[in-house]
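In: From the sequence below, what's the structure:
(chains A and B)
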Number of protein chains: 2
Amino acid sequence: MHKLLKDSAIIIIGNEILSGRTQDTNTKFLAQKLLSIGIIVNEVRIIPDSKEHIIECVNKLRIKYNYVFTSGGIGPTHDDITAECIANAFDVKLPINEVAKKLLQDYYKIQNVELNAARLRMARIPEGANLIDNPISIAPGFQIENVFVLAGVPEIFKAMVKDIIEKLKSAKPIKSKSIRIEKPEGEIAEKLASIASNFPNAQIGSYPYKKNLVKGTRIIITHSDILVIDEITKLVKLLK
Amino acid sequence: MHKLLKDSAIIIIGNEILSGRTQDTNTKFLAQKLLSIGIIVNEVRIIPDSKEHIIECVNKLRIKYNYVFTSGGIGPTHDDITAECIANAFDVKLPINEVAKKLLQDYYKIQNVELNAARLRMARIPEGANLIDNPISIAPGFQIENVFVLAGVPEIFKAMVKDIIEKLKSAKPIKSKSIRIEKPEGEIAEKLASIASNFPNAQIGSYPYKKNLVKGTRIIITHSDILVIDEITKLVKLLK
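Out: I've put the predicted structure just below:
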């Protein structure tokens, strides 16, 4: 659809999301940030903390999209297996990264906490990867080729996203506009379909809402060219 | 992992989720309901309102899992294409379903609203499918073989889930237990890994939390046999 724009996929890793115990909010946050710099999210996959699933999923998506972002599984415990899966997916080694080790050493020293073997696992970074800054709990994320590996804890995830968005900013932004029509979807659907068919490169989404017992429709028009959006907006407003 | 349990996948259809405009909450709701009747969610995919994506995704997942649940794209507008995609995926026709049509006729008649062509689209149901009850806005979801097609609007989605959960109740429930350890993940990681390695069929998740400046770890043990959970619980409590 958006041939000129860069596309991406998000992989949310974690049994706690799949069991319904935890509400994923990382997808929404990252998708908005990416869209603001012209990167669209084409698909999201939520997968279990399982070696086979992670490796297979990363390898499938990294050849399909410009960028892949993963969330979760880079902490110190046995179920944090993302780093080793990524190393496996790229067929590279997973040594202790000396920069990451130093960061953790300094951080734990101040806190008078031991940098034991479990914590040191967080310094294992696939060969050839660049570190992603974690100002919250220091243990870094990393980028290898087009894959960005981020923490799952929302606070840390957000801080890491901030770091990478700066680096990815060069892409062309997508624009979008939202219009409310105080008529139910069924009322305007046919005319809207005919507008949409005239603009095959635009995304024209239709979402029902209810306010003070009035059923209405929110129309969201998305395109990389604001002039095209304006043209569609004029036509959509005629539906009012 | 859970050989005795039934597995499933959820497909969330909608550009509004991928753009970050809307927070998906249907996954969490459905996953919890399914888990309570012994069906685990193995993966979730969030995909765009695109014919190719929907057909490919449904066809891949329906042969891989016992059940597939879709959310979104069954309203009256041009971007509501799920029903035709499902018909295409199963290679069946998509006629107006007379029961669904009658439901809509009666509903709109009371409201003095015209059942126009756009609204009538919501009565198109793939051949061989069973209707899923929608007490909120009447237009039904449907089940064809192992695929359950539900509305995206959370209020309607929840009502439809209620209908299907009753029908799926026969599966064996999974049990799980949550234990809080007032030590940071890094402190208990090694011992926890050794416990986990002794119970390969259990899921033992580890999630950091922070409360009143104390860093702690929430351990979640999941297994179909409560006796196994109790055994693991005893060992985990020794980490306190």
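
In: May I have the residues that are in contact with A:R121?
Out: Counting by Cβ atoms under 8 Å, 6 or more residues apart in numbering or on different chains, A:R121 touches A:76, A:80, A:83, B:189. For every residue, glycine as well, the C-beta is placed using N, CA and C.

In: Tell me who's in contact with the nearest residue to the second one once chain neighbours are set aside.
Out: Leaving aside its chain neighbours, A:D80 sits nearest to A:G73 (4.9 Å; criterion: Cβ to Cβ, 6 or more residues apart in numbering or on different chains). For A:G73, the contact set (Cβ under 8 Å, 6+ apart) comprises A:13-14, A:49, A:54, A:79-83, A:85, A:152.

In: Assumed A:G73 was part of a strand.
Out: No. A:G73 is assigned coil when assessed by DSSP: H, G, I helix; E, B strand; the rest coil, not a strand.

In: count of residues packed around the closest residue to A:N66 other than its chain neighbours?
Out: Excluding its sequence neighbours, the residue lying closest to A:N66 (Cβ to Cβ, 6+ apart) is A:K6, at 4.3 Å. By the measure other Cβ atoms under 10 Å in any protein chain shown, the count of residues near A:K6 is 17.

In: low-scoring pLDDT stretches of chain A, where are they?
Out: Across chain A, the ranges flagged by pLDDT under 70 are A:1-5, A:170-174.

In: Let me see the domain layout of it.
Out: A:6-168, A:175-237 (automatic domain parsing).

In: number of nearby residues for A:I10?
Out: 27.

In: Correct me if wrong: it contacts A:S71.
Out: Yes. Counting by Cβ atoms under 8 Å, A:I10 touches A:S71, with 7.0 Å between them.

In: Overlap of the contact sets of the two?
Out: Going by Cβ under 8 Å, 6+ apart, residues that sit against A:I10 and also against A:S71 are A:26, A:30.

In: Convert the C-alpha atoms of the host helix or strand of A:K177 to CSV, please.
Out: Assigned by DSSP states H and E, A:K177 falls within strand A:175-181. Extracted in CSV, the C-alpha atoms of strand A:175-181 (Å, rounded to 0.1, in the frame of the first residue of the first chain):
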residue,chain,number,x,y,z
LYS,A,175,0.2,11.9,7.8
SER,A,176,-3.3,11.1,8.8
LYS,A,177,-6.5,12.9,9.5
SER,A,178,-9.6,11.9,11.6
ILE,A,179,-13.1,13.1,10.8
ARG,A,180,-16.3,12.5,12.8
ILE,A,181,-19.5,12.0,10.9
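
In: quick revisit: B:N42 versus the residue nearest to A:D80, what's the distance?
Out: From A:G73 over to B:N42 the distance is 16 Å, taken as Cβ to Cβ, to the nearest Å.

In: Nearest residue to A:I179 in space, please, no chain neighbours.
Out: Nearest one to A:I179, counting by Cβ to Cβ, 6+ apart, is A:I219 at 4.8 Å.

In: Ignore what I typed, I meant A:I125.
Out: The nearest residue in space to A:I125 (Cβ to Cβ, 6+ apart) is A:N97, at 3.8 Å.

In: A:I165 reaches A:K33, doesn't it?
Out: Yes. With contact defined as Cβ under 8 Å, A:I165 counts as touching A:K33 (5.3 Å).

In: For stretch A:212-221, buried residues please.
Out: By neighbour count on 16 or more other Cβ atoms under 10 Å in any protein chain shown, the buried set for stretch A:212-221 is A:215-221.

In: now those as JSON lines including secondary structure?
Out: Below are the buried residues of stretch A:212-221 laid out as JSON lines (three-state DSSP):
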{"residue": "A:K215", "secondary structure": "strand"}
{"residue": "A:G216", "secondary structure": "strand"}
{"residue": "A:T217", "secondary structure": "strand"}
{"residue": "A:R218", "secondary structure": "strand"}
{"residue": "A:I219", "secondary structure": "strand"}
{"residue": "A:I220", "secondary structure": "strand"}
{"residue": "A:I221", "secondary structure": "strand"}
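
In: how about the helices in chain A?
Out: A:15-18, A:26-36, A:51-64, A:82-90, A:98-111, A:117-120, A:154-168, A:185-198, A:226-237 (DSSP state H).

In: Look at A:I46 and say how many residues are nearby.
Out: Counted with other Cβ under 10 Å, A:I46 comes out at 28.

In: what bridges to it?
Out: Taking DSSP bridges as the rule, A:I46 bridges to A:I12, B:V44.

In: how close does it get to B:I110?
Out: 40 Å.

In: do stretch A:230-240 and chain B meet at all?
Out: No. Using Cβ under 8 Å from any Cβ of the partner chain, stretch A:230-240 never reaches chain B; the gap is at least 11.4 Å.

In: Export only the CA atoms of that stretch, formatted as PDB.
Out: Extracted C-alpha coordinates of stretch A:230-240, given in PDB (Å, rounded to 0.1, in the frame of the first residue of the first chain):
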ATOM      1  CA  ASP A 230      -7.200  17.000   1.800                       C
ATOM      2  CA  GLU A 231      -8.900  15.900  -1.300                       C
ATOM      3  CA  ILE A 232     -10.300  12.900   0.400                       C
ATOM      4  CA  THR A 233     -11.300  14.900   3.400                       C
ATOM      5  CA  LYS A 234     -13.500  17.200   1.200                       C
ATOM      6  CA  LEU A 235     -15.300  14.200  -0.200                       C
ATOM      7  CA  VAL A 236     -15.800  12.600   3.200                       C
ATOM      8  CA  LYS A 237     -17.200  15.800   4.700                       C
ATOM      9  CA  LEU A 238     -19.900  15.700   2.100                       C
ATOM     10  CA  LEU A 239     -21.200  12.600   3.900                       C
ATOM     11  CA  LYS A 240     -22.200  14.700   6.900                       C
END
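
In: List of residues touching it?
Out: Contacts of stretch A:230-240 (Cβ under 8 Å, 6+ apart): A:177, A:179, A:181-183, A:188, A:191-192, A:195, A:199, A:202, A:204, A:219, A:221, A:223.

In: Now do the buried residues in that stretch.
Out: A:231-232, A:235-236, A:239.

In: tell me which of the buried residues of stretch A:212-221 is nearest to B:Y65?
Out: Checking the buried residues of stretch A:212-221 against B:Y65 by Cβ to Cβ gives A:I220 as the nearest, at 31.6 Å.

In: Spatially, what comes nearest to the closest one if we skip its sequence neighbours?
Out: Using Cβ to Cβ, 6+ apart, the nearest residue to A:I220 is A:G205, at 4.3 Å.

In: which residues touch the one you found?
Out: Neighbours of A:G205 in contact, by Cβ under 8 Å, 6+ apart: A:219-222, B:15-16, B:49, B:79.

In: re the thing from before, which two of the contacts of A:R121 have the greatest separation?
Out: A:A83 and B:A189 (14.1 Å).

In: Looking at those two, which has the bigger crowd around it?
Out: Taking neighbours as other Cβ under 10 Å, A:A83 and B:A189 compare with B:A189 leading, 26 against 21.

In: Verify the stated contact: the more buried one with A:T77.
Out: Yes. In this structure, B:A189 is within contact of A:T77 by Cβ under 8 Å, at 4.5 Å.

In: So for these two, which residues contact both of them?
Out: With Cβ under 8 Å, 6+ apart as the test, B:A189 and A:T77 both reach A:118, B:206.

In: Thought A:N97 was touching A:I144, still the case?
Out: No. A:I144 lies out of contact with A:N97 (Cβ under 8 Å); the separation is 11.9 Å.

In: Identify the contacts common to these two.
Out: By Cβ under 8 Å, 6+ apart, no residue touches both A:I144 and A:N97.
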